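Next one to model:
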Amino acid sequence: MRHYVITGHARFSEGMASAVKLILGKKIPFVNAYVEGSEDYLEQVKAEIEKHSKHEDVIVLTDVLGGSVNNEMMKIAEQAKVHLVCGVNLAFVIQLLLADENRRVEEVIQETIEEAKEGLQYCNTLIASEELDEF
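Sure thing, here's the model as predicted:
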C-alpha cells in the first residue's frame, strides 16, 4: 500500500487535502508550513513518513520546486521508500490516488506527471479554437 503526505507553504496542503476528501472521500495527511502552530512542520512530516516508510512507499507532495518546504523535503527523500513530487495540483493528486497500487510507484509518478501536464491549459486559446470550429 502507498501512503501520502502533502506539505507546502501556508495552508496549501490543507486545502489540497480538503479538496481530495470532498472529491474522493479519502483523507490524506497534510502538514502546513509557515503558519501559526507549524513551527515544527518538518518534524511532523518526518513523523508521518516514519509511520510507513520502513515497509511501504510514502509519497511526499509539495507545492513549489526550489521553495523552502520542498528543499527541506529533498533531504528526507534520500531515504529508501520515500518519493518526493513538487509542483502538484489537484488533478495530479487525484490521478495519483486512483492509480493502480500494483504498478511500480516510480512509473506511476512519472506517468501521472505527464498526464497532469496535459491538464494545464490556457483556456482562452481553447475558446478561440472552438469559435473557429463553429464556422
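
how close does Ser38 sit to Leu61?
17 Å (Cβ to Cβ, to the nearest Å). C-betas here are computed from N, CA, C, even on glycine.

more crowded one of the two?
Leu61 (27 against 16; other Cβ atoms under 10 Å).

Cys10 is in contact with Asn32, isn't it?
One correction, residue 10 is Ala, not Cys. Yes. Between Ala10 and Asn32 there is a contact at 6.7 Å, judged by Cβ atoms under 8 Å.

Settle it for me: which of the two has more neighbours?
Neighbours per residue, other Cβ under 10 Å: of Ala10 and Asn32, the larger number sits with Asn32, 22 against 14.

Correct me if wrong, but that one is in a helix.
No. Going by DSSP: H, G, I helix; E, B strand; the rest coil, the assignment for Asn32 is strand, not a helix.

Hmm, Ala17 and it touching each other?
No. Asn32 is beyond contact range of Ala17, at 9.8 Å (criterion: Cβ under 8 Å).

remind me, longest strand of this structure?
Determined from DSSP state E, the single longest strand within the chain is strand 3-9.

Parallel or antiparallel, list what pairs with that strand.
If you go by DSSP bridges, strand 3-9 pairs up with strand 30-33 (parallel), strand 58-61 (parallel).

average pLDDT across that strand?
With pLDDT averaged residue by residue, strand 3-9 scores 97.

And for stretch 19-39?
pLDDT averaged over stretch 19-39 gives 95.

And it, end to end?
Criterion Cα to Cα, to the nearest Å; first-to-last residue distance in stretch 19-39 is 24 Å.
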